[in-house]
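S.K.: what would the 3D arrangement of this be:
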Amino acid sequence: MRVVVCVKHVPDIQSERRFRADGLLERGGDDDTLNELDEDALEAGLRLVEAHPPAEGDDPHDVVVLTVGPAAAVDALRRGLAMGATTAVHVLDAGVEGSDALATARVLGAAVAALHAESPVDVVVAGMAGLDGLTSLVPAALAAVLDWPQLTLADRIDVDPAARTVEVRRETSTAVETLTAPLPVVVSVTDQAFRARFPAFTGILAARKAPVRVLDLAALGLDPATVGLQGSTTRVLETSERPERPDRVLVTDDGSAALALADYLAQKGFA
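M.R.: Sure thing, here's the model as predicted:
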C-alpha cells in the first residue's frame with residue numbers, strides 16, 4: 001500500500017501573523033511548524049498501513065509526506081519522517097509563491113500524479129484545513145485535479161486491499177454517514193479521531209539525516225502561469241493590523257487579582 005499525506009509548514013496559530021506589502025503571509029519565522037491538523041492526517045495514514053501489513057513477497061508499505069513551500073518547509077517533512085513516514089517529497093520552486101488553494105491543488109496534483117506514475121498511490125490523505133488560511137478547499141480541489149473520488153471530513157478510514165475500496169465514517173450535524181469509494185482516492189480527516197503520536201527520539205534523530213526528494217515545476221511539467229500569484233483566482237487586496245480590544249482590562253497582580261477578576265466577571269453577568 002502506498003499512502004501520500006499532504007502536509008504544510010505554517011506559522012504557529014498563536015503567533016502574531018503579518019502580511020507582506022504584496023499581500024502574502026510572512027513565512028519562515030522561528031515559530032513556523034507542521035500544520036497541527038496535518039499531523040492528524042499523517043496519523044491516519046500511518047494507521048492505514050499498520051492495519052494491513054504487506055503479504056510475504058510484497059513490497060513494503062510507503063507513507064509519503066508531501067509538501068509545497070519554501071526551503072523552510074522541509075522542517076514539516078522532517079517532523080513527518082520523525083513520526084513514521086518513510087519518504088519525503090518537497091515541491092520547491094519560487095514560481096509557486098503566492099499560490100491560493102486552487103493553484104496549490106494543481107501543484108500537489110502534479111506531484112501526486114508523478115508519484116503515481118512511478119509506483120501506484122492508493123490513498124492521498126489531507127488534514128481538514130490549513131491553520132494559516134483555513135479554507136478547507138485543497139483536498140476537494142486536489143481530487144478534482146487528479147479526477148479521483150473524494151471522501152472528506154472522515155473520522156474513520158478502513159481500506160479493503162482485496163476489493164480495492166475504502167470506507168470512511170463521517171459525522172454531520174444531522175447524521176452519521178458511511179461512504180465507500182474505489183482506490184485511488186483522496187480523503188481528508190477531522191481532528192476528532194486521529195490523535196497524532198509523539199515521535200520517538202530515535203525517529204527524530206533518523207529524520208534529521210533522511211533524504212528529502214526535491215521537485216520543481218519543470219520536473220512536474222507545470223506551466224508557471226498556472227500557479228503562484230498569476231495562476232491564482234484569489235487576491236489579498238488589503239490588510240490591516242488587528243485592532244486592540246477597546247474593552248480590554250489589564251490587572252497587575254499585587255495579591256488582589258483574584259478579587260478583581262471576580263468583580264469583573266460579576267459586572268459582566270457571570271456571577
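
S.K.: helix, strand, or coil at residue 240?
M.R.: Using DSSP: H, G, I helix; E, B strand; the rest coil, the structure places residue 240 in coil.

S.K.: tell me how many other residues crowd residue 197.
M.R.: 14 (other CB atoms under 10 Å). C-beta here means a position set from N, CA and C on the backbone, and glycine is covered the same way.

S.K.: cool, and the one 3 residues further on?
M.R.: Burial of residue 200, expressed as a neighbour count using other CB under 10 Å, amounts to 12.

S.K.: buried sites along the longest helix belonging to the chain?
M.R.: The longest helix of the chain (DSSP state H) is helix 101-118. Across helix 101-118, burial judged by 16 or more other CB atoms under 10 Å covers 101-113, 115-116.

S.K.: residues contacting that helix, please?
M.R.: Residues from elsewhere that reach helix 101-118 (CB atoms under 8 Å, 6 or more residues apart in numbering): 2, 4, 6, 64, 66, 68, 89, 91, 96, 99, 121, 124, 133, 135, 137-138, 141-142, 144-146, 184, 215, 217, 219-222, 226-228, 231-234.

S.K.: look up how far residue 48 lies from residue 152.
M.R.: 16 Å (CB to CB, to the nearest Å).

S.K.: looking at the two, which one has more neighbours?
M.R.: Set residue 152 next to residue 48 and count neighbours by other CB under 10 Å: residue 48 wins out with 22 against 18.

S.K.: whichever strand or helix holds that one: what's the following helix or strand?
M.R.: Here residue 48, judged by DSSP states H and E, is contained in helix 36-51. Scanning forward in sequence from helix 36-51 by DSSP H and E, the next helix or strand is strand 62-68.

S.K.: okay, now the sheet partners of that following strand, with direction.
M.R.: Paired strands of strand 62-68, with direction, are strand 2-6 (parallel), strand 87-91 (parallel) (DSSP bridges).

S.K.: now do the buried residues in the last one.
M.R.: Along strand 87-91, the positions that meet the burial threshold by neighbour count (16+ other CB under 10 Å) are 87, 88, 89, 90, 91.

S.K.: circling back to that earlier point, which one, of the strands paired with strand 62-68, ends up nearest to residue 266?
M.R.: Closest to residue 266 of the strands paired with strand 62-68, according to CB to CB: strand 2-6, at 48.5 Å.

S.K.: now the closest one - C-alpha only, PDB.
M.R.: Extracted C-alpha coordinates of strand 2-6, given in PDB (Å, rounded to 0.1, in the frame of the first residue of the first chain):
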ATOM      1  CA  ARG A   2       1.200   3.500  -0.800                       C
ATOM      2  CA  VAL A   3      -0.200   6.400   1.000                       C
ATOM      3  CA  VAL A   4       0.600  10.100   0.300                       C
ATOM      4  CA  VAL A   5       0.000  12.600   3.100                       C
ATOM      5  CA  CYS A   6      -0.200  16.300   2.200                       C
END
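
S.K.: neighbouring strands for the helix or strand following it, and are they parallel or not?
M.R.: Sequence-wise, the next helix or strand downstream of strand 2-6 (DSSP H and E) is strand 9-10. Note on strand 9-10: by DSSP bridges, its sheet partners are strand 33-34 (antiparallel).

S.K.: distance between the strand it pairs with and the chain's centre?
M.R.: Offset of strand 33-34 from its chain centre (CA atoms, centre = their mean, to the nearest Å): 9 Å.

S.K.: what mean pLDDT would you report for that strand?
M.R.: For strand 33-34, mean pLDDT rounds to 84.

S.K.: repeat for stretch 180-199
M.R.: pLDDT averaged over stretch 180-199 gives 91.

S.K.: for that stretch, C-alpha coordinates in CSV please.
M.R.: Output of stretch 180-199 as CSV, limited to C-alpha atoms (Å, rounded to 0.1, in the frame of the first residue of the first chain):
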residue,chain,number,x,y,z
THR,A,180,-17.3,4.0,0.1
ALA,A,181,-15.2,4.7,-3.0
PRO,A,182,-12.7,2.8,-5.2
LEU,A,183,-9.0,3.3,-4.9
PRO,A,184,-7.2,5.5,-5.6
VAL,A,185,-8.9,8.1,-3.5
VAL,A,186,-8.4,11.5,-1.8
VAL,A,187,-9.5,11.5,1.9
SER,A,188,-9.5,14.4,4.3
VAL,A,189,-9.8,13.7,8.1
THR,A,190,-11.0,15.7,11.0
ASP,A,191,-9.2,16.2,14.3
GLN,A,192,-11.6,14.1,16.3
ALA,A,193,-10.2,10.5,15.9
PHE,A,194,-6.6,10.6,14.8
ARG,A,195,-4.6,11.9,17.7
ALA,A,196,-1.0,12.2,16.4
ARG,A,197,1.6,10.0,18.0
PHE,A,198,4.7,11.7,19.6
PRO,A,199,7.9,10.9,17.7
